[in-house]
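Asks: I need the structure of the sequence given here:
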Amino acid sequence: MDTAAPDASAGLVFREATDADVDTLVALIESAYRGDSSRAGWTTEADILEGQRTDPEGVLAVIKSPDSRLMTVERDGRVVACCQLEHRGTHAYFGMFAVSPALQGAGLGKVIIAEAERQARETWSATEMHMTVISVRDDLIAWYERRGYRRTGRMTPFPYGDERFGIPQRADLQFELLVKALA
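Replies: Numbering: from 1, shown residues only. Coordinates of the predicted model:
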């Protein structure tokens, strides 16, 4: 899962999402994290959360926010990945990261996160990238650590009872802040 194919970036087109992308992006994000389709990849949360990961309103809010951009990644004219970048003063927030389950494990994620970091540095002069990850996702946190992110131990509660973020299947969910200095 952590070996990048030499051509992982071949044919990729990065662009900002538009209103017309909302349904496609919701479907992509859901397929990467929820339900049986997500089990084709390694980023699935299907065992810890049921219900939705996002909705059209949430995706559209990111697209419309003046301090945020939703980066859409295409290959051969098809959306294969996305991620959110949000300007927050001296740092940028990285979120809503999804890669098509059929393409996970081939190095695409590494390429996308490196491009996101480059854009945050060059566009906003961000000196750090921040993200939050569900703290029980040890495999995912380890992947980010291999990309240079460090665990901070700073936790925020999972929004239990707000089904817009899913239906928890366990009582110990919380988000941990991960941080990386951008050189």
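
Asks: what's the longest helix in this protein?
Replies: Longest helix in the chain, counting residues (DSSP state H): helix 108-124.

Asks: so after that helix, what's the next helix or strand?
Replies: Sequence-wise, the next helix or strand downstream of helix 108-124 (DSSP states H and E) is strand 128-134.

Asks: what does the next helix or strand after that next one rub up against?
Replies: Next helix or strand after strand 128-134 toward the C-terminus (DSSP H and E): helix 138-146. Contacts to helix 138-146, defined as Cβ atoms under 8 Å, 6 or more residues apart in numbering, come from residues M1, D2, W42, T43, G109, M131, V133, I134, S135, R151, E176, L178. Where C-beta positions appear, they are placed from N, C-alpha and C, glycine not excepted.

Asks: remind me which residues of the chain are low pLDDT?
Replies: 1-6 (pLDDT under 70).

Asks: give me that answer again for 80
Replies: Low-confidence segments of the chain, defined by pLDDT under 80, are located at 1-9, 183.

Asks: quick one: the strands in it?
Replies: Remark: strands assigned in the chain by DSSP state E are 12-16, 49-50, 68-75, 78-88, 91-99, 128-134, 150-157, 167-168, 174-181.

Asks: most packed of the ones you listed?
Replies: Mean neighbour count (mean count of other Cβ atoms under 10 Å) peaks for strand 91-99 among the strands of the chain, with a mean of 23.

Asks: quick one: that one to strand 128-134, angle?
Replies: Here strand 91-99 runs at an angle of 50 degrees relative to strand 128-134 (axes from the mean of the first three to the mean of the last three Cα atoms, to 10 degrees).
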